[in-house]
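1. Compute the structure for the input listed below.
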Amino acid sequence: MDDLQNLDFALSYQTLTRNIRVLNLHPVCQSCKSWPNAIIEHPTGEEAQSDWLKLYHPPAG
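-> So this is what the prediction gives:
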């Protein structure tokens with residue numbers, strides 16, 4: 001971002017990242033692309049739980 005500001009880029013960081021996403025300028029990460037995904041069914045308005053971390057010895061609290 002500092003480099004862009006030196007080039008007179010006057011927009012915010014959020015605008016920059018949004019435009020990168022919208023214009024598909026970010027390369028696809030092949031490592032992330034290969035991770036399995038699962039759709040978890042849940043009622044509308046209810047919280048969806050993602051079990052990506054298993055704590056085998058969770059704290060008592």
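2. Secondary structure element for residue 19, which one?
-> Using DSSP states H and E, residue 19 sits in helix 13-22.
3. Show residues contacting that helix.
-> 1, 4, 9, 25-26 (Cβ atoms under 8 Å, 6 or more residues apart in numbering). C-betas here are computed from N, CA, C, even on glycine.
4. Flag the least confident of those residues.
-> Within the contacts of helix 13-22, residue 1 has the lowest pLDDT, namely 76.
5. picking that back up, now rank the contacts of helix 13-22 by neighbours and give me the top one.
-> Highest neighbour count within these: residue 9, with 14 neighbours (other Cβ atoms under 10 Å).
6. which non-adjacent residue is nearest that residue?
-> residue 16 (7.5 Å; Cβ to Cβ, 6 or more residues apart in numbering).
7. State the number of residues packed around that neighbour.
-> The burial count for residue 16: 13, using other Cβ under 10 Å.
8. That one and residue 24, how far apart?
-> According to Cβ to Cβ, to the nearest Å, residue 16 stands 15 Å off from residue 24.
9. Take the contacts of helix 13-22 and keep only those in strands.
-> Using DSSP state E to define strands, no part of these is located there.
10. Switch the residues you listed over to TSV; also include distance to residue 33.
-> Shown next, in TSV, are the contacts of helix 13-22 (distance: Cβ to Cβ, whole Å):
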residue	distance to residue 33
1	26
4	28
9	30
25	17
26	13
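11. Pull the most distant pair out of those residues.
-> Using Cβ to Cβ, the pair of the contacts of helix 13-22 lying farthest apart is 9 and 26, separated by 17.3 Å.
12. Give me the distance between the residue nearest to residue 9 and residue 26.
-> From residue 16 to residue 26 the distance is 11 Å (Cβ to Cβ).
13. Check residue 11 too.
-> Remark: distance between residue 11 and residue 26 (Cβ to Cβ) = 17 Å.
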